[in-house]
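Visitor: sequence unknown, structure follows:
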């Protein structure tokens, strides 16, 4: 047999040799770095879970991650005979939201305790759920009464008060759901804790003329801003509030009658929220309410539309949609835990008239009202959770009035979602 470096036998030998080298290198890294870490007073803690979701829906829904991240039922889509294409049931079973994380503590920097976190799973927003994605990755400095975090973690609007439901979306689109790069500083003052954060976008993106894109905030050069306060007055109570500001540049150029012009467009708006929680021995009550504006990047209904167009250059002005959104959540029990969740959102329209119903960007802007009920029962053991959840949701769809942005001529669609859950924690 003639020898060739591209021959099958020699290729296999090369692959085997490279695999052996890679394995030896990995063993060396795993052996060397823990030794260096111990000398530097580092500690490591692995955590995570294996999760399986079995679900059924009575109709098509807005539900990313192959239906696991359930938000709301889609409106009617008539075929040539007038039959609704979205009135089709669906369901599946997935385990790709299983999670693995690592918490690290290290030597102090001055008087500050240092820590880091990196967390991953397979449940990204892309079409592939067989590759790892980044959930959280940050470092923090803690001085006791104050702390600084730098990296990717939960958006500050996610907050300290979160509903207890089994569905992966954790109460969205009523509860913000978003993890983003940020600089966050917190300061304790008596029984209150003040928070301030600057937030950029990574996986959870605002919508606009080019669809969902990071460019709107990147070109803006102004990160999202958040100021908030949490107060623990006494015992089991916690309450707080926050204000959020976002400033986007939807476009940097426009094309009009075959000519391209540089434009300076910007859409700036703010939102505010208030939250409350009571945590007893076996009973929990939690609630949160928003006056929301252009918060589609945190998986809530909202966005903005075009309010004006310069006839000379095509430069556009923008107006945000306003949403009133609230949720309440009650849970009772520990080993056997029952929970009830109710979410409601109402489209309040825009600040200025819209140019066209087609020039709007966001999520659920043709929904006037959305209401979701969630009841679930779970059986909880050390390291185990088994649960069953029933979640009916009704959306009132219609058309946007250009003068107000509100939705009229509505009709209702309802989805019934049933979920079975199994989780093993470690």
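Guide: That came in fine, so what should we check first? Just so you know, these numbers come straight off a predicted model, no measurement behind them.

Visitor: which stretches of the protein have low pLDDT?
Guide: 1-40, 124-131 (pLDDT under 70).

Visitor: Please enumerate the helices of it.
Guide: 8-39, 215-220 (DSSP state H).

Visitor: residue contacts, the nearest residue to residue 112 once chain neighbours are set aside?
Guide: Spatial nearest neighbour of residue 112, excluding adjacent residues (C-beta to C-beta, 6 or more residues apart in numbering): residue 141 at 4.1 Å. Placement of C-beta: from N, CA and C, glycine included. Residue 141 sits next to 109, 112, 113, 114, 147, 148 when contact means C-beta atoms under 8 Å, 6 or more residues apart in numbering.

Visitor: next one: residue 339
Guide: Applying C-beta under 8 Å, 6+ apart to residue 339 gives the contacts 164, 165, 329, 330, 331, 332, 374, 375, 376, 377, 378.

Visitor: Need the distance between the two termini of stretch 330-343.
Guide: In stretch 330-343, first residue to last residue: 12 Å (C-alpha to C-alpha, to the nearest Å).

Visitor: ok, and for it, which residues are buried?
Guide: 330, 331, 337, 339, 340, 341, 342, 343 (16 or more other C-beta atoms under 10 Å).

Visitor: Ok, stretch 201-219 next?
Guide: For stretch 201-219, by 16+ other C-beta under 10 Å, it's 201, 203-208, 212-213, 215-217, 219.

Visitor: Could you work out the most separated pair of the residues you listed?
Guide: Within the buried residues of stretch 201-219, 203 and 219 form the most distant pair, 18.5 Å apart (C-beta to C-beta).

Visitor: What's the local residue count around residue 318?
Guide: 28 (other C-beta atoms under 10 Å).

Visitor: same thing with residue 328?
Guide: By other C-beta under 10 Å, the residues close to residue 328 number 17.

Visitor: For it, which residues are in contact?
Guide: 285, 286, 287, 341, 342.

Visitor: same thing but 7 Å
Guide: Neighbour list for residue 328: 287, 342 [criterion: C-beta atoms under 7 Å, 6 or more residues apart in numbering].

Visitor: hey, what's it bridged with?
Guide: residue 287, residue 342 (DSSP bridges).

Visitor: now it: how far from residue 49?
Guide: 27 Å (C-beta to C-beta, to the nearest Å).

Visitor: can you count the residues close to the residue nearest to residue 73 when sequence neighbours are not counted?
Guide: Nearest non-adjacent residue to residue 73, counting by C-beta to C-beta, 6+ apart: residue 415, 3.7 Å away. Look at residue 415: counted by other C-beta under 10 Å, it has 24 neighbours.

Visitor: how near is residue 415 to residue 391?
Guide: For residue 415, the distance to residue 391 - C-beta to C-beta - is 8 Å.

Visitor: Next: residue 361.
Guide: 28 Å.

Visitor: hang on, the earlier thing: which pair of the buried residues of stretch 330-343 spans the longest distance?
Guide: 337 and 343 (19.3 Å).

Visitor: picking up where we left off before, any of the contacts of residue 141 buried? List them.
Guide: For these, a burial check counting by 16+ other C-beta under 10 Å picks out 114, 147.

Visitor: Of the contacts of residue 141, just say which sits nearest to residue 54.
Guide: Of the contacts of residue 141, the one sitting nearest to residue 54 (C-beta to C-beta) turns out to be residue 147, at 39.6 Å.

Visitor: isn't the closest one right next to residue 139, touching?
Guide: No - using C-beta atoms under 7 Å, residue 147 makes no contact with residue 139, being 11.1 Å away.

Visitor: how many other residues sit next to residue 72?
Guide: When neighbours are counted by other C-beta under 10 Å, residue 72 registers 26.

Visitor: residue contacts, it?
Guide: Applying C-beta under 7 Å, 6+ apart, we find residue 72 in contact with 61, 62, 173, 364, 370, 393, 395.

Visitor: Quick one: those residues as a markdown table, columns for distance to residue 356 and neighbour count too.
Guide: Formatted as a markdown table, the contacts of residue 72 follow (distance: C-beta to C-beta, whole Å; neighbours: other C-beta atoms under 10 Å):
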| residue | distance to residue 356 | neighbour count |
| --- | --- | --- |
| 61 | 27 | 21 |
| 62 | 23 | 19 |
| 173 | 25 | 30 |
| 364 | 18 | 25 |
| 370 | 24 | 24 |
| 393 | 29 | 22 |
| 395 | 23 | 27 |
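
Visitor: Closest one of those to residue 43?
Guide: Checking these against residue 43 by C-beta to C-beta gives residue 173 as the nearest, at 38.5 Å.

Visitor: which residues touch that closest one?
Guide: 71, 72, 299, 300, 301, 345.

Visitor: Okay, it and residue 65: tell me how far apart.
Guide: 15 Å.

Visitor: again with residue 267
Guide: 28 Å.

Visitor: got it, and residue 226?
Guide: 26 Å.

Visitor: Comparing these two, which residue is more hemmed in?
Guide: Using other C-beta under 10 Å, the more surrounded residue of residue 226 and residue 65 is residue 226, with 23 against 19.

Visitor: pretty sure the more buried one contacts residue 158?
Guide: No - contact between residue 226 and residue 158 fails when scored by C-beta under 7 Å: they sit 10.6 Å apart.

Visitor: gap between the closest residue to residue 111 other than its chain neighbours and residue 191?
Guide: Excluding the flanking residues, the one nearest residue 111 by C-beta to C-beta, 6+ apart is residue 143, at 5.9 Å. Residue 143 sits 18 Å away from residue 191, going by C-beta to C-beta.

Visitor: swap in residue 54?
Guide: For residue 54, the distance to residue 191 - C-beta to C-beta - is 43 Å.

Visitor: Show me which of these two is the more surrounded one.
Guide: Comparing residue 54 with residue 191 by neighbour count (other C-beta under 10 Å), the higher total belongs to residue 54, at 14 against 10.

Visitor: All good on my end, thank you.
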